[in-house]
Structure formats: C-alpha cells, structure tokens
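Participant: Got a predicted structure here, sequence first:
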Amino acid sequence: MFKKKECVAMLLAGGQGSRLYTLTEKTAKPAVTFGGKYKIIDFPMSNCINSGIDTVGVLTQYQPLVLNEYIGNGQPWDLDRLTGGVMILPPYQAKSGADWYKGTANAIYQNLGFINRYDPDYVIILSGDHIYKMDYNAMLEAHKATDADCTIAVLDVPLSEASRFGIMVTDEVGRITQFQEKPKNPISTKASMGIYIFNRSVLESYLIADENDKNSSNDFGKNIIPSMLADGKKMFAYPFVGYWKDVGTIDSLWEANMDLLGENPSFNVHDKSWRIFSRNYAEPPQFIGNGGNAVNSIITEGCVIEGLVENSVLSNGVIVEPGAIVRDSVIMSGVTIKAGAVVSYSIIDSNTVVEERAVIGADKATAKGITVIGSDITIGKGSSVEAGLMIDSDFNNGNN
Amino acid sequence: MLAAGIIFSNIHDANIPELTRNRTMASVPFGCRYRLIDFALSNMVNSNIHNVSVITHYNYQSLMDHLGAGKDWDLARRAGGIKILPPYITAYANNVNALYRTRLEALKSVSHSITKITDDYVVLSDCDVICNIDLNDMIRNHIENKADITIAVKKVTLDKATAKANVLIESDETGRITDLQAYPTSFEGDSDINLNIMVMSRQYLQEIVLDAVAHDYISLNKDIILKNLNGKNYRIYRYDGYFACISSSQDYYKCSMELIENKDIRDQLFRVKNRPIYTKVRNSAPTYYSPESKVTNSLIADGCQIFGEVENSILFRGVKIGKGTKVKNCILFQDTFTGENVVLNCVIADKNVVIRDNKVLSGDESLPFYLSKGRMI
C-alpha cells in the first residue's frame, strides 16, 4: 500500500561529465567530490529534503558504482523512509527488450512506473550537476499559484553567456512565450537551470508522445519544452536569485570550490538554516601540527597539516607533510602530499600519493592552466608535472 | 562466537563534577569530536558486538540525545542494536528500587534484561575507557584459557596518587589472578591495573547476578571476585596500547592535552586500521581558516570558523574564533563562540559558551578555568 505524495523528484544523475576528464573516469559526475566533504549530488538531495520533498528517484547510467554506494539507503539525507525516500533507478530490462536511457526525457519515460506508484500531482525534474541552494517548495507554490502546466526555473545570466543555455522569453507576468535552445543570437537573458515542475498528467502525455516520435532526441530542452510551448500549454518561468554554478568543466569545478573561501564566501555551507547533508565517514579530528599553517582554506576531518596550505580546499584524510606546500588547489580525500612537495593551482583526485619534493603545476599567476592528477596514482619523488597537464597513471620523471 | 555488550554509563561521575553536572560520564565530550562512550561503543562494534545495553542512572538526557537510535555506530538494528536501560522504579517505590551505587548493583537492577541475553559471551565495559582495544582477541583468549572471567589489564608505573585511583591486579605467570587491591593508599611501582573491561560467558554472568540478588551482594570485586579466587579461573588479558580513564578534572585536561602532544596516542586511538572510532554525525561543514588565522599544534573538528590565533588547543565542532582573538592551551566544546580580541589561556569552555569582545580569561595548567554550559561572558 503506497501513500500518495504530492510531489516526486526525479534527479538525473547519469551524466558522464566528459569535460571533467580523468575525474569522471571511474565515477559519474554527480559523485565528484566538492567543497571538502560533499559530492555534487549532495546539493540537489539536500535541497529536496530541506524543501520537504521526501521521494526522490535518482536516475543513473554512467559508472554508477560510487554513486550507488554513496547514496545507499539515503540515510544521510533523511531519505530512508517507510514510503518514498531515495531510490536508485538504473536502466532495466523489460519484456519488450532493454534500453539505455536515450535522453533525459526517455529516462523519465522509462520510469513513469516509479512516478505513478506514488500518484503525485506534480513531478520535479532536477539534475545532479549543479551547486546551489534552492527552495523547491517555493517554486512548487508558484507553480500552483499560476495554475501552470509546467514551471521552469530560470537564472539571469550575462547576455554574452546566454548562448550556452536554453533561453526563455517571458511576458510581463512570467509566462513563457518563446524558447531558444542554445541560441546563437539570444534575445533574453533568462537561462533555464534544467529544473522543471510538471503537472504529472501533462508530463506523462508528452513523454508518451515524445517516445512515439522516432525523430525525437528524447530531451527535455530540445523536444518536450518546445512541443509543449507549440501546443500553447501554460508555462511559467520561476526566477531564481542566488548562487548557482554548473561544475561541468575543470575550470568551473575549481572556481566553485574557491567560491567557498573568504570571510563572506559567495556560497556559504555553514548556513544552519539550509544545511547541506552528506555521508560522513568516521575520521578523527583534523590536526594542525607545529610547523603547519592553514590560511584562507577549508579543511575537513581526518586531515593532518604539517606544511603550508593556502587558498585551498582539502577533503577528508588529506596528509600534508612538513615542508610541503599546497596553494590554490583542490585536494580530494585520502591524498598524501609528502615532505617538500609543492602543489600549485591543481586538482588532485582521491588517494593519490605525491612523493617527496615532487612539484605539481605552477604558480596561478603564470600557469597555463589547472593541473589535474587522477585518483589512486603515485607521483614519484622529485618529479615535476608541468602546469596544465592531466595525469591519470603513475608518473615519475624525477631522478629520485 | 556471538557476544553481547553492557556499558555502565554513570561510573566515576564524581571524578569530574563540573563536566558531569548536566550529563553522564559517558556523554562527557572528549578528543575534539567524541563523547567518552564512543570509545567503549566503537570497541564493541569493531569487534562485531551488535547487541549493546547501556545502563544509565541519572542525568542521562544528554546521553540519549547523543546515542539516538544508535545509527551512527551501526547499532540501529532489528535484532539487537543499542538498548538504553534506565533505572527501573515502580509506582510503589521502596528501598528495593533505590538507585544502584556499584556495578554489581547496576547489573542486579537490570537482571531481567540480562536473563534475556542469548549471545554466548558478554563484554562488560565502563564508559570511560579511552582506548582502542580488539575485544575479539580478548574473547578468544578467554575461551582458549577456559576462564570464568577475563579482565583487561595494563602494566603501568604508579605513584601513590595514581595508585589510589586504580584497582591493582596480581596474577601468576600463567595469567591467573591471585589478588586484587582496590584503591591502595600507599602503593608505588609497576603493577597491572584493571581497565574495567571484562569478558564472561552469559551463563556465568546470569549466575553471578542471581547469586548477588539472593545474597544481597554489593561489590563485584569484594563479593564475587575476591571470594572465588581459588575456586574459579579468573584471568587477566594484557592490553598494551594507549589507555586512559579520567580520574579528576586535572586528569581530564592532561589526557586531552596528551592527544595534541603525542602523535603515538592519536595513532593508537584514531588511526588503527579497520577500527575507527564512531561518533554522532552532525553534518557540519568543513572548517574554514581565514587569511589572518594562525593555528598551530591543535586538534580541530569540522564546522569551525577560525579568524584568530589558536595554539595547543582542542576545538570541538562549530567553534568560532573571532578576529584578533588568541586561544592558547584551551579546550573549547561544541559551538563555543568567541568575539574579537579575546584572550583565552587554559580555559575549558563547555557547550554553547559565548565570550564577548576583548575579554581576557586565564586558568592554569594545574587548574584550568572552567566555563559552564551556555555561559555568557
């Protein structure tokens, strides 16, 4: 016996995140570490629970192992429930055959069965790629108040960047009159955040129609939204004001991490009224040693800092040995940076060991780009990794 | 080999009256992000003991708040899990319902629950055993030696003052206990001390408790162990890792500071492979160190925001250190807030203490200045 839910969230977490290269080689993008103790998916998941949405389907496809393990039964987000809670929804085999998720719309189509079990009035579609805090319930209230068929969250972006997004044109009351997917010549600055609230019955009928259209690419932005608009459905834009960042590239991932630094950071995770929940591991407290120094940095449980850490974000269990220097970098969990090593303007993925005196990257002011070191590898003693390189296997060019 | 655990949560409360005024010994904060009971609980969980009873006495709200359903120790179970056993008082209270004073009386008061244990062995532990011990090995040792009771001991060098706070155990070369001295007043030298962790079979525990009820026995040491030394096989299990038990406020301060000074202690407690120490998850953000901050030789928990200087100190979760503030040799509990240009030396601040701008407070290493919970200065 299932209890009815007013709104069910569908979180698209199957993205490969190919522009994060080695960081998403073994994990899906939503499972990429962010901000010390979080993973990207913690943000939409925490938004859901903070907005009172307790039924979340997480659609996975690409490299789901880490993500599945991380989400588990949803307990860290209070999403282990008698009815609802979090549910991982991978592609599956049906009587008529098996299919990968062909696109965002197809992924939801294949899981209409999941949605209908809860008999919801509304469905909210989210993506697991963004860093932001948002009250989905306020958006749902707006959706109800305007009696819309679909409400799309939009963000005001600079005109110069508008061509990267789906752009909405609205009338004075916020009703969408025109939609352009990644336009060359944008005529509005209201960019879609990929967050949609649909009336369930409308969503269902459009997904079925879309599935029957063999020429469709089964995508919300390319197919569903334009065809609803063409049919004159009532569609409203919901303006979002606040921090929102797509962390789909190495540069934007680095920048978003840096946005957490500062006395009044652009993005505040210390806010007790909108907590970001995450899976916590039993790590000892962080220890700053005698020669250790941490300035303008974020440091997480289990770290031991005996060198200098400056303008950096360190995840749990990072060891910085005496004399080592970490500057302008993002260091993920379990990384060891041995004595005398220097890491500048880099991202180092989890459990990698940087041996003594190795030099990674170059000073931010002069570097050609961010240096990226993959997970579970060793950078040999005295090695030197040139700025802007991407390393995904053991590396040694030092003379030991 | 299945074992159940029993933890005494109000043992030694009187040792640190300031810290146990509003809480049990078990829920006294220790080691930057833990409560004392986390060590006893984690030792059990890491040794596959998943049926743990916590005997409480008074003041146990903070303990219940800390333990919750036991999820953070992986003890939220259908079968077993964590069970809090508060004092059992009937509507017709009389002297039978008097609160217990000793471990044996505590066991008597929960005899009903003890008769229901189905695991073969039982590990009994005090709540203030700061150590990371492999109880599986101890149980194995107990079985191999066909012991009736096995008591964990550690060889230490004692002076008159420390000997007074301990139970000394003498044993023969095979490890069989031959004598037991509780809190001797004039002992100096090397001796095995009782760590207050013991193993016995379920049947033997049930036998002891029934016997104690029938004969109105009070003390486990005096009425059971000393009486049966010859007839029963009571043995020691020697543990040689780090161990501490808090015997006074000064001792609390000293043990805390040892965590900073000694890497070996930190490693032996917190970095034993496959034996992590669990605690209540609070979902704090990572700690932020500002450009002006200067932190040396300190243990810092998550959720702190540090804008000033911190030296030789322990900061629990959610502590905020204001600009220009200097904190030295301090232990600041959860959510302590210091304003700007505050100077603190040898201060222990309990939870939620607020210290306003420009205040200067100093204690001494031998007598730390204690600020009670929620105090505003």
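Facilitator: It's in.
Participant: so who does the residue of the stretch 101-250 of chain A found nearest chain B touch?
Facilitator: For the stretch 101-250 of chain A and chain B, the shortest gap (Cβ to the nearest Cβ) falls at A:K133, measuring 12.4 Å. Using the backbone N, CA and C atoms, a C-beta is placed for each residue, glycine as well. Neighbouring residues of A:K133 by Cβ atoms under 8 Å, 6 or more residues apart in numbering or on different chains: A:F43, A:S46, A:N47, A:N50, A:G242, A:Y243, A:F267, A:D271, A:W274, A:I276.
Participant: Could you do A:I176 as well?
Facilitator: Counting by Cβ under 8 Å, 6+ apart, A:I176 has contacts A:I152, A:M168, A:V169, A:T170, A:L229, A:M235, A:F236, A:A237.
Participant: Same question for A:K182.
Facilitator: Here A:K182 is in contact with A:S163, A:R164, A:F165, A:G166 (Cβ under 8 Å, 6+ apart).
Participant: so can I have JSON lines of those residues showing distance to chain B and pLDDT?
Facilitator: JSON lines is the format used below for these (distance: Cβ to the nearest Cβ, whole Å; pLDDT from 0 to 100):
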{"residue": "A:S163", "distance to chain B": "35", "pLDDT": "90"}
{"residue": "A:R164", "distance to chain B": "30", "pLDDT": "87"}
{"residue": "A:F165", "distance to chain B": "29", "pLDDT": "90"}
{"residue": "A:G166", "distance to chain B": "32", "pLDDT": "91"}
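Participant: A:F179: which of those is nearest?
Facilitator: Using Cβ to Cβ, A:G166 comes nearest to A:F179 of these, at 6.7 Å.
Participant: if we can go back for a sec, mark which of the contacts of A:K182 are buried, thanks.
Facilitator: Applying 16 or more other Cβ atoms under 10 Å in any protein chain shown to those, the neighbour count classes A:F165, A:G166 as buried.
Participant: and the contacts of A:K182, which of them are in strands?
Facilitator: Cross-referencing the contacts of A:K182 against strands under DSSP state E gives A:G166.
Participant: could the contacts of A:K182 go into CSV alongside distance to B:L259?
Facilitator: Listed next are the contacts of A:K182 as CSV, based on distance: Cβ to Cβ, whole Å:
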residue, distance to B:L259
A:S163, 56
A:R164, 51
A:F165, 51
A:G166, 54
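Participant: Scan the chain for its longest strand.
Facilitator: You didn't say which chain, so I picked chain A. Ranked by residue count and defined by DSSP E, the top strand of chain A is strand A:190-199.
Participant: That was the other one, I meant chain B.
Facilitator: strand B:189-201.
Participant: Beyond it, next helix or strand please.
Facilitator: Moving toward the C-terminus from strand B:189-201, the next helix or strand (DSSP states H and E) is helix B:202-215.
Participant: residues contacting B:K71?
Facilitator: The neighbourhood of B:K71, defined by Cβ under 8 Å, 6+ apart, consists of A:Q75.
Participant: Can you report phi and psi for it?
Facilitator: Main-chain dihedrals, B:K71, degrees, to the nearest 10: phi -60, psi -40.
Participant: again with the one 5 residues further on
Facilitator: Comment: the main-chain dihedrals of B:A76 come out as phi -90, psi 90, following degrees, to the nearest 10.
Participant: just checking, which of the contacts of A:K133 belong to helices?
Facilitator: A:F43, A:S46, A:N47, A:N50 (DSSP state H).
Participant: and A:I325, how many neighbours does it have?
Facilitator: Other residues within reach of A:I325, judged by other Cβ atoms under 10 Å in any protein chain shown, total 18.
Participant: and if you look at A:G52?
Facilitator: 12.
Participant: Three-state assignment for it, please.
Facilitator: Counting by DSSP: H, G, I helix; E, B strand; the rest coil, the backbone at A:G52 sits in coil.
Participant: so what's it up against?
Facilitator: A:G52 neighbours (Cβ under 8 Å, 6+ apart): A:N137.
Participant: quick one: it and A:R117, what's the gap?
Facilitator: Distance of A:G52 to A:R117, given as Cβ to Cβ, to the nearest Å: 19 Å.
Participant: Pretty sure A:Y21 sits against A:D251.
Facilitator: No. Using Cβ atoms under 8 Å, A:Y21 is not in contact with A:D251, being 11.9 Å away.
Participant: Spell out which residues of chain B are next to chain A.
Facilitator: Contacts of chain B with chain A, taken as Cβ under 8 Å from any Cβ of the partner chain, map to B:31-33, B:42, B:71, B:260, B:266, B:269-271, B:276-279, B:281, B:283, B:285-291, B:293-303, B:305, B:307, B:314.
Participant: Buried ones among those?
Facilitator: Among those, those scoring as buried are B:31-33, B:42, B:71, B:260, B:266, B:269-271, B:276-279, B:281, B:283, B:285-290, B:293-303, B:305, B:307, B:314 (criterion: 16+ other Cβ under 10 Å).
Participant: give me phi/psi at the nearest residue to B:K373 once chain neighbours are set aside?
Facilitator: In this structure, B:K373 finds its nearest non-sequential neighbour in B:D350, 4.1 Å apart by Cβ to Cβ, 6 or more residues apart in numbering or on different chains. Torsion angles at B:D350 (phi, psi; degrees, to the nearest 10) stand at phi -70, psi 180.
Participant: Can you give me the pLDDT of B:D350?
Facilitator: Turning to B:D350, the model gives it a pLDDT of 96.
Participant: what sits against the residue positioned nearest the centre of chain A?
Facilitator: With distances taken as Cα atoms, centre = their mean, A:D129 lies nearest the centre of chain A, 2.9 Å away. The neighbourhood of A:D129, defined by Cβ under 8 Å, 6+ apart, consists of A:G15, A:G17, A:K29, A:P30, A:I40, A:G194, A:D246, A:V247, A:G248.
Participant: returning to what we had before: could you list which of the buried ones among the residues of chain B next to chain A belong to strands?
Facilitator: Under the assignment DSSP E, these contribute B:T287, B:Y288, B:Y289, B:K294, B:V295, B:T296, B:S298, B:L299, B:I300, B:Q305, B:I314 to strands.
Participant: Same list, those residues, but as CSV with distance to B:Y100 and pLDDT please.
Facilitator: Converted to CSV, these look like this (distance: Cβ to Cβ, whole Å; pLDDT from 0 to 100):
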residue, distance to B:Y100, pLDDT
B:T287, 41, 97
B:Y288, 46, 97
B:Y289, 47, 97
B:K294, 49, 96
B:V295, 44, 97
B:T296, 46, 96
B:S298, 40, 97
B:L299, 35, 97
B:I300, 39, 97
B:Q305, 44, 97
B:I314, 33, 98
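Participant: State the mean pLDDT of the longest strand of chain B.
Facilitator: Mean pLDDT, computed over strand B:189-201, is 96.
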